[in-house]
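S.K.: Quick one, structure for this:
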Amino acid sequence: MAGISRRRFLTNTAALSAVGAVPRWVRAAPEASVSTRRFVVRTDSEIGKIRPELHGQFVEHLGSCIYGGIWVGKDSPIANVGGYRKQMVDYLKELGVPVLRWPGGCFADDYHWQEGIGPVKQRPRRPNLNWGNVIDDNSFGTHEFVGLCRLIGAEPYLAGNVGSGTPTELREWVEYCNFPSGTTLSDLRAANGSPEPFRVRYWGVGNESWGCGGDMRPEHYGDLYRQFSVYLKTFGGTKPFLIASGPSGDDVRWTRGLLDTLQGGLPNGLSMHYYTGGEQVATKFDREHMNKQLAIFAKVEQAIVHQRQVIDGYHRGDQVGLILDEWGVWDQIPEEDEAKRGQLWQQSTMRSGVAAGLGLNLFNRQADKLLMCNIAQMVNVLQSLLITDGPEGKECVRTTTYYAFQLFKAHRDRMAVRVEGDDTSPRGLSVSASKDEGSVVLSFVNPSADAALHVDAALHDRSAKSATATILHDADLNACNSFDTPNRIVPKPHPVRIEGASVLMELPPLSVATVEVKTASL
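M.R.: Now for the predicted structure:
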């Protein structure tokens, strides 16, 4: 597509100037850096409902995610709500976390739930075999996790131990959580402070069984899944939704080996993991390596489409929910950061915010193929939404990833619709759209560090009455919200115009923007 003409660019800039809203980057942008991207939003072509669960989260006993991040203890000088960091609770309640997965991750298949209940001082202390042999005192266990979910309004999702556990152990965990009363385990739950059942619906039967969850062959894991699942029953009206350990990335060999072994006894859900690895430290990326990393999201989308096709090829495969249980950018992490703040502590930069937007956009576009997606991880670890400065530090900072999720919140529970455009490059402008009866929500991600874009999005079968836009942007791909500058990158109102059925907006490089359009039928 040829670049926007100088006359049109100046006309658009003048129009924005008339309302006193010309962004600094527009006034300063050279003509050659701006090009036009045109799209048609097919409000008559529905994809599927955007489930809130596509914005799910994941926490693990890893580094300072739990201890010092989420959990500071009831006696901590840090402001807390029953031991949970108060600022974290407030931020997550504001965002709205639909579902939260715990205790792992790799930690899950060496975790024995009975050790995390009862009086805290009597709980055993164990080495965390997967993450540095640090001592875990089990002060954060089942009750503490469910309590966190209740505080922030999230649906709990428990990952069960298949690698080193037994069917009996997992069956008893389900009973402990869900049986109303009258059994030894349900009465024990009541004695531990929770007379009412937890009603946990989502249960992972193992985690990464091809790797840290047992280093199994798919056929062997399939046999174990069949054995374990027999004993996971409905208690108190809560029917377990069983999630099998699926592939790493687009590993069709694992998926077919597992599903062939199950011989028709398919799980309710199949988990896949796909990280977008980085070759540099989070705050020291150059443009070449950023482009290489962000291009991986096209492969993530292809993997989702491909895995869905494979699963649907089995009898009743269309009834199996595809779950992206772990996703996000995984950068190189300096030893000094891990020594100071815990393993896999990673800063979230403007690049990370763009990556989050690319992921959330593709989930909208593939809403008919996905049941749930859980970013790794919610606090401090990898592409986290919040960072804290340790068990004695009072700081809790919202990252660019948090704000990207905030921008996409408007899509939840709406119908995703198709968008037809002229940009198909893996690193081109990313777009998704959703609708209800009287509005359309559009999200745009410009992953380029160089090219500003003029967006021209035409609504099919609707006219636009008014529009508001919000943007997350910084010209520096390594910019971040740090403990010293916690509000450097925050969502801000952004100029947007409507002309009939068209939505017109200028997008700076490295930006994530959401536009909410009030519409009328033609």
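
S.K.: Give me the neighbour count for the closest residue to residue 328 other than its chain neighbours.
M.R.: Residue nearest to residue 328 in three dimensions, not counting chain neighbours: residue 383, with 3.4 Å by CB to CB, 6 or more residues apart in numbering. For the C-beta atoms, the positions are set from N, CA and C on the backbone; glycine is no exception. Residue 383: 28 surrounding residues under other CB atoms under 10 Å.

S.K.: how about low-confidence regions in the stretch 1-150 of the chain?
M.R.: 1-33 (pLDDT under 70).

S.K.: the helices in it, which residues?
M.R.: Along the stretch 1-150 of the chain, counting by DSSP state H, counting those that start in this stretch, helices occupy 6-18, 24-28, 86-95, 142-152.

S.K.: for the stretch 201-350 of the chain, same thing?
M.R.: With DSSP H, counting those that start in this stretch as the criterion, the stretch 201-350 of the chain has helices at 218-229, 252-262, 287-294, 296-312, 335-341, 350-365.

S.K.: Where among those helices is average confidence lowest?
M.R.: The minimum mean pLDDT among the helices of the stretch 201-350 of the chain belongs to helix 335-341 (a mean of 90).

S.K.: Could you pull up phi and psi at the spatially most central residue of the chain?
M.R.: Nearest to the mean C-alpha position of the chain, by CA atoms, centre = their mean, lies residue 375 at 3.1 Å. Backbone geometry at residue 375, expressed as degrees, to the nearest 10, gives phi -70, psi 150.

S.K.: Show the contacting residues for it.
M.R.: Residue 375 is in contact with 56, 57, 58, 326, 327, 328, 356, 359, 383, 385, 401, counting by CB atoms under 8 Å, 6 or more residues apart in numbering.

S.K.: Against residue 381, how distant is the third one?
M.R.: The span separating residue 58 from residue 381 equals 9 Å under the rule CB to CB, to the nearest Å.

S.K.: Among the two, which residue is more densely surrounded?
M.R.: residue 381 (28 against 25).

S.K.: for that one, which residues make a bridge with it?
M.R.: residue 345 (DSSP bridges).

S.K.: tell me the contacts of it?
M.R.: Contacts of residue 381 (CB under 8 Å, 6+ apart): 60, 62, 63, 64, 65, 342, 343, 344, 345, 346.

S.K.: Who wins on neighbours among those?
M.R.: residue 65 (31 neighbours).

S.K.: That residue contacts residue 71, correct?
M.R.: No - using CB atoms under 8 Å as the test, residue 65 is too far from residue 71 to be in contact (9.5 Å).

S.K.: what's the overlap in contacts for the two?
M.R.: By CB under 8 Å, 6+ apart, no residue touches both residue 65 and residue 71.

S.K.: one step back: among the contacts of residue 375, find me the one that's closest to residue 459.
M.R.: Of all the contacts of residue 375, residue 459 sits closest to residue 359, with 25.0 Å by CB to CB.

S.K.: Settle this for me: the closest one is touching residue 326, isn't it.
M.R.: No - look at residue 359 against residue 326 with CB under 8 Å: they stay out of range, at 11.8 Å.

S.K.: Show me which of those two is the more surrounded one.
M.R.: More crowded of residue 359 and residue 326, by other CB under 10 Å: residue 359, with 29 against 25.

S.K.: ok, the more buried one - contacts?
M.R.: Contact analysis of residue 359 by CB under 8 Å, 6+ apart lists 297, 300, 327, 328, 373, 375.

S.K.: Roughly how far does the closest residue to residue 203 other than its chain neighbours sit from residue 177?
M.R.: Nearest non-adjacent residue to residue 203, counting by CB to CB, 6+ apart: residue 240, 4.8 Å away. The spacing between residue 240 and residue 177, counted by CB to CB, is 10 Å.

S.K.: Overlap in contacts, these two.
M.R.: Joint contacts of residue 240 and residue 177 (CB under 8 Å, 6+ apart) are residue 200.

S.K.: Who has more neighbours out of those two?
M.R.: residue 177 (27 against 21).

S.K.: elements contacting the helix or strand harbouring that one?
M.R.: Here residue 177 sits within helix 167-178, counting by DSSP states H and E. Counting contacts by 3 or more CB pairs under 8 Å, 6 or more residues apart in numbering; DSSP states H and E, helix 167-178 is packed against helix 142-152, strand 155-160, helix 184-191, strand 202-205, helix 218-229.

S.K.: Now tabulate those in TSV and tack on mean neighbour count.
M.R.: Putting the helices and strands packed on helix 167-178 into TSV (neighbours: other CB atoms under 10 Å) gives the following:
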stretch	mean neighbour count
helix 142-152	20
strand 155-160	25
helix 184-191	16
strand 202-205	25
helix 218-229	19
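
S.K.: can you redo the ones you listed as CSV with distance to residue 131?
M.R.: Shown next, in CSV, are the helices and strands packed on helix 167-178 (distance: least, CB to CB, whole Å):
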stretch, distance to residue 131
helix 142-152, 17
strand 155-160, 15
helix 184-191, 28
strand 202-205, 18
helix 218-229, 22
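
S.K.: Which one of these lies nearest to residue 459?
M.R.: strand 155-160 (33.7 Å).

S.K.: Paired strands for the closest one, with orientation please.
M.R.: Assessed with DSSP bridges, strand 155-160 is paired to strand 99-102 (parallel), strand 202-205 (parallel).

S.K.: Just the angle for that strand relative to helix 218-229, thanks.
M.R.: 120 degrees (axes from the mean of the first three to the mean of the last three CA atoms, to 10 degrees).

S.K.: Strand 155-160: how far from the chain's middle?
M.R.: How far strand 155-160 lies from its chain's middle: 15 Å, per CA atoms, centre = their mean, to the nearest Å.

S.K.: Then stretch 285-298?
M.R.: Counting by CA atoms, centre = their mean, stretch 285-298 is centred 19 Å from the centre of its parent chain.

S.K.: picking that back up, any chance of the helices of the stretch 201-350 of the chain in CSV, plus distance to residue 478?
M.R.: Below are the helices of the stretch 201-350 of the chain laid out as CSV (distance: least, CB to CB, whole Å):
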stretch, distance to residue 478
helix 218-229, 40
helix 252-262, 36
helix 287-294, 9
helix 296-312, 19
helix 335-341, 15
helix 350-365, 7
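
S.K.: Those helices: which one's closest to residue 484?
M.R.: Residue 484 lies closest to helix 335-341 among the helices of the stretch 201-350 of the chain, at 14.8 Å (CB to CB).

S.K.: Contacts for that closest one, please.
M.R.: With CB under 8 Å, 6+ apart, helix 335-341 has contacts from 63, 64, 344, 345, 346, 380, 389, 390.

S.K.: Would you reformat the residues you listed as CSV and include distance to residue 87?
M.R.: Putting those into CSV (distance: CB to CB, whole Å) gives the following:
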residue, distance to residue 87
63, 19
64, 15
344, 22
345, 18
346, 20
380, 13
389, 12
390, 14
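
S.K.: Those residues: which two are farthest apart?
M.R.: Taking CB to CB, no two of those sit farther apart than 344 and 389, at 15.9 Å.

S.K.: now the residue nearest to residue 421 when sequence neighbours are not counted, which residues is it bridged with?
M.R.: Spatial nearest neighbour of residue 421, excluding adjacent residues (CB to CB, 6+ apart): residue 39 at 4.0 Å. Beta-bridge pairing of residue 39 under DSSP bridges involves residue 421, residue 457.

S.K.: Please tell me I have it right and residue 39 contacts residue 456.
M.R.: Yes - shown here, residue 39 and residue 456 form a contact pair, counting by CB under 8 Å, at 7.2 Å.

S.K.: Right, I'll leave it there.
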